[in-house]
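Undergrad: after the sequence you'll find the predicted model.
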Amino acid sequence: MVFSSATFIIVFLPVTMILYYLLGVTITRSVTVKNIILLIASLVFYAWGEPVYIILMLLSICFNFFIGRDMEQARRYRNPGKVKALFITSVIFNIGVLGFFKYANFFLTNIAVLTGLPIKPLNLPLPVGISFYTFQIMSYIIDLYNDKIKAQRSLAAFALYVSLFPQLIAGPIVKYKDICDQLMFRKESWVMYSKGFNRFIIGLSKKLLLANTLGSIYASVQAAGTAEMSMLTAWVGIICYTMQIYFDFSGYSDMAIGLGGMFGFEFCENFNYPYIALSVTDFWRRWHMSLSSWFRDYVYIPLGGNRCKVPRVIFNLMVVWLLTGFWHGAAWNFVFWGIYYGVILILEKYLLSPLLDKLPKIVRWLLTIVVVMVGWVFFSAPSLGEAFSYIGAMFGYAVSVVDSNGLFILFSNFGLIVIGAICSTPVYMLLSGIFNEKRLSKVILAATPVLLILCIIFMVSETYNPFLYFRF
Amino acid sequence: MKTNQVNRRNVRKAPDFPMSGSNNAPVQFTEQPRARKPEPELPYKPVKKKNRVNIYECLSALIATVLLFALAVLSFTSKDREYSENENRYLAQKPLLSLSSIEDGKFMKDTDTYLSDQFVFRDQLVSTRTGIDVFFGKREINGVYVGRKHFLFEKPSEYDEKRVSKTIGTMNAISANNPNVRSYVAIAPNSSEVLKKLMPLNAPTQDQTEQIKKVYSNLTGYTGIDLCGPLKEAEEPETLYYKTDHHWTAAAVDIAFPVIAGSMQLNTSGYTYENIPVTNSFKGTLASSSGIFSASDTISVPAYKPDIMYRVTYVNEGKTCNTVFDESKLDEKSKYEVFFGGNFAQINIEANPLSDRVLVIVKDSYANSLIPLLIPHFKKIIIVDPRYYNDNLQTTIDQEEVTDILWLYNANTFLNDTSITGKLSY
């Protein structure tokens, strides 16, 4: 199920809310009941889109739950060998499952191309959210191995941690250590609920009002092909995609954090206005923070982090970025995208930063955003070759500068692009500097209900599907 | 279970990436920035600051919650609609619950469609959306250009060399096979050409006059009839096309017919006709695709004075009647189908027995409103729509002793057409 569907908004959410607050919070006041209600809701939520793969998720949950318990027991009996063996088993299992369902196809096709062997790709559909929940499970197992947390005793609570519907499909990647206490004790309040619901509506607006509309512009640019593209068209297209992916992803995070708040959870933040970053390093401190922090804690630091000699640090960084790229998708353009950022970050770290610091802010921002946008070309293009020809078009290789199609797309969507650009910046903060906070909150009072109505308008109209009987 | 209970406030940590790992290791992911300025804070600070009660925030969430529940209740209590006029389709109905439909996900998909199809105020929500889009400057909605003066435009087709030359090859072969048959071709420009001034600023256009010229120059054995000139020079060009539909109007046919008749050397002097408006609430395909229903159009049909008699046969359907107009279509959405009741593979009209000419018209739907005017001038008219036609055109030409062939198309359909090549065996 997706958040931006009628099913979620008018059935799933109201029903879950009533059950949770009536049965869980008011009548029984038991965290077990609350957890079970949320768990059932989460499983329905997942099964709605993946009626078969839910078995895989449940299997993964049970396996890791019992491994975790055994690990703790083995530690109590001072049996480090067994702890290690269990840990390795679990890591192999988790990476194996992720590797099989997400990457098997990629490897098989590449092996087939390289060796010329007639290997048939498996063509397994990717289980929704597997990248996210596998990483969540691994944060539990690794922290448990490092003795930073206690094993979860309740299967329901552990299953809820993995499958909690707000963050199940698109993050943020919540680490077990950050949320384990909330699983066993949390207090819902009207303040948390209202902050959460407002946040959810803001996220929903980002998704429906901005991301989807901007996305359709990029789709139409991309569909036209790079052959007849002008520089202007290419830039308008990638600017729209740049905003689309931010609003889409951060919108999902906002919705997750908001929904979490409505049910008494506090998740970590995932985005911090990435597009105002003044360096690529800064950008990655602000973009998908929960993923970066996962890789930092569970890959970079175990490899030695930056406490080693320079070549080793460079190696560590490249490993992290290769994996980051690969995590986003099983295709060469994602691998390339990861390497691209790895190289740029290393350059920035060791060579460019003293130079860049001398430049005026606006130039630094411009350089950063262009690097990021070029990165998104690799991310969004269906193949590496098409990515390069799109970048060629952006920088005027064999195309005209301006054409009427580009102007039309720009003017036709100018309002939307301006709104998107404003919303990518911390404009709220600016406003609260100008107006006092009290007056601003009066605006919010009107804003969220209006935004909700707008969201519903956009959500329903997206399903507008006229039957064109006589195109002829 | 209680063992894990710790005072949360002490345990929870701010999202502190990337300054320090929560294991307090001095290792950093990336270099620590020199004297970082305070970063702009997030609009909601759920962690660090104490949750302050903000009455407005609470109130707005309350209103939104009430709204949400009201919508849910309304959606479930309002009566399901069966058919959507605007979308011209049957809406999804309550899906059936069964184990197998859950297993393959069909039940879930159907429920999603059902809930959005039956969403309360669906039509109003959609039209509000297009209103918002247009207000914010959007001029292309679902492939329809939103022009000035309520005109909606179809995207003009490009001249695809490969596709068009195939069509032309087929047409040339037909004319070469039938040297004794007079062959005419008339390609009408679309509204995007004639009403270029009303198109949205910078909207991609095509020079259809040039496109049509190019087609004509590649055809051999044909008399190309120029409709672009007369239509573009018309005194009131805005009456020539429907605002909400991609077809041309009776006014355009009034201009095109004499031009075609002149080229075909028809003697029209003995016949007069009058256009009779039959509906003024026509909202055509372009309105449907874009979801903009603000304007409506008038459809007029020609009536000869004095009346003429003829017999119409729908060949594949085995239906005969004595009129080319299907008035029942005026009560439906697709009102342009008042002409012939739509598009059919082959329609034969036995018309004026005094004439010695037999005409084959190969056409698209633009022709439907012009053909009624041709009736009194031919002994028999055979109307072929290649998109549905699967027989042998050459056999028909031979058997019926055809004297004239007219290809009557609009530019967009002609340039996009693949059925002329694909289906007409000769």
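TA: Right, received. Where do you want to start?

Undergrad: which stretches of the stretch 1-150 of chain B have low pLDDT?
TA: B:1-53 (pLDDT under 70).

Undergrad: need the residues that contact the lengthiest helix in chain B.
TA: The longest helix of chain B (DSSP state H) is helix B:55-77. The contact list for helix B:55-77, computed with CB atoms under 8 Å, 6 or more residues apart in numbering or on different chains, reads A:6, A:9-11, A:13-14, A:190-191, A:193-198, A:201, A:441-442, A:444-449, A:452-453, A:456, B:115, B:118-120. In short, each C-beta sits where N, CA and C put it, glycine included.

Undergrad: what's the answer for stretch A:231-242, then?
TA: A:214-215, A:217-218, A:221-222, A:224, A:226, A:229, A:275, A:369, A:372-373, A:376-377, A:380, A:390, A:393-396, A:399-403, A:405-407, A:409-410, A:413, A:417, A:420.

Undergrad: what comes up buried for stretch B:148-167?
TA: B:151, B:152, B:153, B:154, B:155, B:156, B:157, B:159, B:163, B:164, B:166, B:167 (16 or more other CB atoms under 10 Å in any protein chain shown).

Undergrad: residue A:380 against residue A:215, yeah?
TA: No - contact criterion CB atoms under 8 Å: residue A:380 and residue A:215 do not qualify, at 10.0 Å.

Undergrad: pick out whichever of these two has more residues nearby.
TA: residue A:380 (22 against 19; other CB atoms under 10 Å in any protein chain shown).

Undergrad: which element is the nearest residue to that one once chain neighbours are set aside on?
TA: What sits nearest to residue A:380 in space, not counting adjacent residues and going by CB to CB, 6 or more residues apart in numbering or on different chains, is residue A:241, at 5.3 Å. Secondary structure assigned from DSSP states H and E places residue A:241 in helix A:231-262.

Undergrad: which strands and helices sit next to whichever helix or strand comes after that helix?
TA: The C-terminal neighbour of helix A:231-262 among helices and strands, as given by DSSP H and E, is helix A:280-286. Where contact means 3 or more CB pairs under 8 Å, 6 or more residues apart in numbering or on different chains; DSSP states H and E, helix A:280-286 is packed against helix A:332-347, helix A:361-380.

Undergrad: quick check: angle from the helix or strand just after the last one to helix A:332-347?
TA: Past helix A:361-380, heading to the C-terminal end, the next element that is a helix or strand (DSSP H and E) is helix A:384-394. Between helix A:384-394 and helix A:332-347, the angle comes out at 60 degrees (axes from the mean of the first three to the mean of the last three CA atoms, to 10 degrees).

Undergrad: got the buried residues for the next helix-or-strand element following helix A:384-394?
TA: Using DSSP H and E, the helix or strand that follows helix A:384-394 in sequence is helix A:404-412. By neighbour count on 16+ other CB under 10 Å, the buried set for helix A:404-412 is A:405, A:406, A:407, A:408, A:409, A:410, A:411, A:412.

Undergrad: distance to chain B for those residues - can I get that in TSV?
TA: Compiled in TSV, those are given as follows (distance: CB to the nearest CB, whole Å):
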residue	distance to chain B
A:405	5
A:406	9
A:407	4
A:408	4
A:409	8
A:410	8
A:411	6
A:412	4
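
Undergrad: closest one of those residues to residue B:222?
TA: residue A:405 (33.2 Å; CB to CB).

Undergrad: could I get the contacting residues of that closest one?
TA: Contacts of residue A:405 (CB under 8 Å, 6+ apart): A:224, A:228, A:230, A:233, B:202, B:204.

Undergrad: distance check, it against residue B:147.
TA: Distance from residue A:405 to residue B:147, counting by CB to CB, to the nearest Å: 17 Å.

Undergrad: so for the helix or strand where residue A:97 lies, mean pLDDT?
TA: Using DSSP H and E, residue A:97 maps to helix A:80-98. In this model, helix A:80-98 has a mean pLDDT of 90.
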